[in-house]
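Undergrad: this is the structure alone, sequence omitted:
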């Protein structure tokens, strides 16, 4: 891929796909777990803890499905 100059294009596509999947998963998980803007304004520390947990789990899914699996 490096010699045919397609490596950087491929890496950019993978990066875009990872970011899109991450955004989608975080949104779905937050909705499912009731993590809302209301919670953020009422108890920002609880919201932060929940969002960090969600991001961490979503990142593991993305890494497993798109990076390690390839």
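TA: It's in. The model shown is predicted, which means the values in this text are computed figures rather than measured ones.

Undergrad: what number of residues lie near residue 25?
TA: As a burial measure, residue 25 scores 19 neighbours (other Cβ atoms under 10 Å). Just so you know, the C-beta spots here come from the backbone N, C-alpha and C atoms, and that holds for glycine as well.

Undergrad: which stretch of helix or strand covers residue 4?
TA: Residue 4 is part of no helix or strand, with elements assigned from DSSP states H and E.

Undergrad: which secondary structure elements does the host helix or strand of residue 22 contact?
TA: Assigned by DSSP H and E, residue 22 belongs to helix 7-33. Packing partners of helix 7-33 (3 or more Cβ pairs under 8 Å, 6 or more residues apart in numbering; DSSP states H and E): helix 44-62.

Undergrad: returning to what we had before: I'd like the next helix or strand past the helix holding residue 22.
TA: Heading C-terminal from helix 7-33 (DSSP H and E), you reach helix 37-42.

Undergrad: can you name the residues in contact with that next one?
TA: By Cβ atoms under 8 Å, 6 or more residues apart in numbering, the surrounding residues in contact with helix 37-42 are 46-47, 50.

Undergrad: buried subset of these?
TA: Among those, those classed as buried by 16 or more other Cβ atoms under 10 Å are 47, 50.

Undergrad: kindly indicate which of the contacts of helix 37-42 lies nearest residue 14.
TA: residue 50 (28.2 Å; Cβ to Cβ).
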